[in-house]
Structure formats: structure tokens, C-alpha cells
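A.B. asks: Model the following, please.
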Amino acid sequence: MNAVPDSIDSPSAEEVCTIVALYDGNVTRARAMAACDYLVHQFWPELELKFHWWRTDFLRDAALASVAAANALTADFLIICSETGAELSPALETWFESWLSRRGEKSGALVDLSPASRSPAREQFLREAGRRGRFDYLTAVPAGSESSFNSAAADEKPSGSRNDRLSDFRPPTHYGLNE
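C.D. replies: Numbering: from 1, shown residues only. Predicted coordinates:
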């Protein structure tokens, strides 16, 4: 019988970065994947990354919404990627309300990858949800720009003005991940 060497340790909770990605369909999943690729390039050497992917229509099912909420409770990054910048669906708003008050003191980032033409009500809801859940609210698409994201964005050098490209998205350094 082979024994497992003592030198192999599983990462501690401080070394695991949890990312929850919410998306509407194939197009938005591809944009969310580009953001996650960026995070992999930024943090992979120092952290283990754990991803949870949830299509927003799955959140209408109570059992699936509960599992997604459990993922969000411990998330370092919560990425929301919608096809439009319209108001959030009632199911998505209900999902947020189901877990935000239980998040505790953990901080993180809520990243809205929706088109730049976001509804003011949507942005207000996500900013408030971010505040209540101790998330910094970030957008990767500057207002007035309908930039498209692709998986190669993380490998390309940024060009043009700040925030023109996903590769120019820089999360704040105060998440407590390395502190």
C-alpha cells in the first residue's frame, strides 16, 4: 500500500479564490470566460482558482438557486454577464436577496460585464447589492462603448484608452486575498 507523502498539502482557504459567474447564454458565457481567463493569468501563480458557472435561467429553480447562493456566499469575485443592460430579471433579484444578508464580513468584487448601455435601475440594484454583500462594484465595459470581449483579450497588450479592452481591467488590490 502506498502512503501519501506528508509534503503534499491542500491549499488553505486563504489560497483559494472563488469565482461565481452568472451568464444568460452562449454569447455571454464567452464574455464571462474571457474575464475568468484574465483572472487566471493574474492570480494562478499565487492562488488556486475555483469557478462556479450558473446560467441565470437556472436560478428560477429553487434547488439550483440555493446551490448557487451557497457558492456566492464565499465568492471573491461575482461576475454577471447579460446580453443587455436592461433591468435584472425578478428571478435574479430574488436570488440576490436570498443570500446577501448571510454573506458576513468577506469582501470581494461584483463585476458587471453587461453592455455599457446599462439601465440606471440595474446599476443601482447591483451597486446596492455590492454594498450589502461587501463587494466592490466594477464594470469592465466603459460607458458609451459597446466593446466586444473575446478569449484572446487576456493575451493581448492593451491599446487605446483605459478600459477599452478586458485585458485592461484591473481589480483593486484590497480584497484580502494576499493580505
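A.B. asks: Mean pLDDT per helix and strand in this protein: which one sits at the bottom?
C.D. replies: helix 26-43 (a mean of 89; mean pLDDT, DSSP states H and E).
A.B. asks: In the protein, where is pLDDT below threshold?
C.D. replies: Judged against pLDDT under 70, the low-scoring parts of the chain cover residues 1-14, 140-179.
A.B. asks: Run through the helices of it in chain order.
C.D. replies: For the chain, the helices defined by DSSP state H occupy 26-43, 62-73, 90-99, 120-132.
A.B. asks: Give me the distance between V20 and A121.
C.D. replies: V20 is 22 Å from A121, where distance means Cβ to Cβ, to the nearest Å. No exception for glycine: its C-beta is placed from N, CA and C like everyone else's.
A.B. asks: wait, G85
C.D. replies: G85 is 10 Å from A121, by Cβ to Cβ.
A.B. asks: which residues touch R60?
C.D. replies: Residues in contact with R60 (Cβ atoms under 8 Å, 6 or more residues apart in numbering) are A91.
A.B. asks: ignore the last one, W53
C.D. replies: Residues in contact with W53, defined by Cβ under 8 Å, 6+ apart, are A21, Y23, R29, A32.
A.B. asks: The last one contacts L78, correct?
C.D. replies: No: with contact taken as Cβ atoms under 8 Å, A32 and L78 are classed as non-touching, separated by 11.0 Å.
A.B. asks: overlap in contacts of those two?
C.D. replies: By Cβ under 8 Å, 6+ apart, the residues touching both A32 and L78 are L22.
A.B. asks: In contact with the residue lying closest to A121 once chain neighbours are set aside, which residues are there?
C.D. replies: Spatial nearest neighbour of A121, chain neighbours left out: E87 (5.0 Å); criterion: Cβ to Cβ, 6 or more residues apart in numbering. Contacts for E87 (Cβ under 8 Å, 6+ apart) come out as S119, A121, R122, F125.
A.B. asks: Mind doing that once more with 6 Å?
C.D. replies: S119, A121, R122 (Cβ atoms under 6 Å, 6 or more residues apart in numbering).
A.B. asks: are any of those residues buried, and which?
C.D. replies: Buried subset of the contacts of E87 (neighbour count, 16 or more other Cβ atoms under 10 Å): R122.
A.B. asks: and which of the contacts of E87 is nearest to G108?
C.D. replies: R122 (19.4 Å; Cβ to Cβ).
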